[in-house]
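> from the sequence below, what's the structure:
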Amino acid sequence: MPRARFAGACGAAAAAIATLIYYGGPPGVDLPSHVFQTWLYSHAGFNLWNNYWYAGRYEFVTYSVLYYPVASAIGQAPATCLAAAVLAGAFASVSRREWGSAATGPSVTFAVTAPFILMVGGLYPFLAGAAAGGAALVCIQRGWRAGFGLALLAALGFSPLAFALLVA
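Numbering: from 1, shown residues only. Just a heads-up that it's a prediction; the model follows:
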């Protein structure tokens, strides 16, 4: 199977698993927090601080600047499912380009397990940041510097932790 079609199949499998987990699986551990943050963004825009979650906390700046605007615009489920598809597709694409057919098994395994773990863990902004990081790796592997720069900034905006892992 050609690399692009294989990456697309891995992405589709990951999106299907993420959809099944979102609608039928156990709710993500941080789902209430993400629903609240998305609701807060859609009603009040960016805030630096709010007192409505536990004893108060800094808002989007310390968690995710991009995820909540995206989730507010398209919904939690589409945002997470799209991120799962991009992450698995990017992993398959980078792996197959680097190691050829030896990467088939690991790519399929990643496409099945990563969305499950990240969705059940409720790590939605990290999932989006990791997807942007995967896209950055695809871009740098192909020499697309502008795309790499944009994906790098997106990873930082979605999840500072995913950005740190990408830089490492």
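> name the element the residue nearest to residue 162 when sequence neighbours are not counted belongs to?
Spatial nearest neighbour of residue 162, excluding adjacent residues (Cβ to Cβ, 6 or more residues apart in numbering): residue 129 at 2.9 Å. Yep, even glycine has a C-beta here, placed from its N, CA and C like the rest. Assigned by DSSP states H and E, residue 129 belongs to helix 124-142.
> the helix or strand following that helix to helix 124-142, inter-axis angle?
Sequence-wise, the next helix or strand downstream of helix 124-142 (DSSP H and E) is helix 145-158. Helix 145-158 runs at 170 degrees relative to helix 124-142, counting by axes from the mean of the first three to the mean of the last three Cα atoms, to 10 degrees.
> what's the angle between the lengthiest helix in the chain and helix 145-158?
Secondary structure of the chain read by DSSP state H shows that its longest helix is helix 76-99. Between the axis of helix 76-99 and that of helix 145-158 there is an angle of 140 degrees, by the same axes, to 10 degrees.
> okay, buried residues for helix 76-99 please.
Within helix 76-99, the residues that qualify as buried are 76, 79-96, counting by 16 or more other Cβ atoms under 10 Å.
> burial of the residue nearest to residue 162, as a residue count?
By other Cβ atoms under 10 Å, the residues close to residue 129 number 29.
> state the pLDDT value of it.
Per-residue pLDDT puts residue 129 at 96.
> ok, it touching residue 164?
No: Residue 129 lies out of contact with residue 164 (Cβ atoms under 8 Å); the separation is 9.6 Å.
> ok now do the residue nearest the centre of the chain, which residues does it touch?
Residue closest to the average C-alpha location in the chain (Cα atoms, centre = their mean): residue 128, at 2.0 Å. Taking Cβ atoms under 8 Å, 6 or more residues apart in numbering, we find residue 128 in contact with 64, 66-67, 70, 79-80, 83, 158-159, 162.
> at 6 Å instead, please
By Cβ atoms under 6 Å, 6 or more residues apart in numbering, residue 128 lies in contact with 67, 83, 158.
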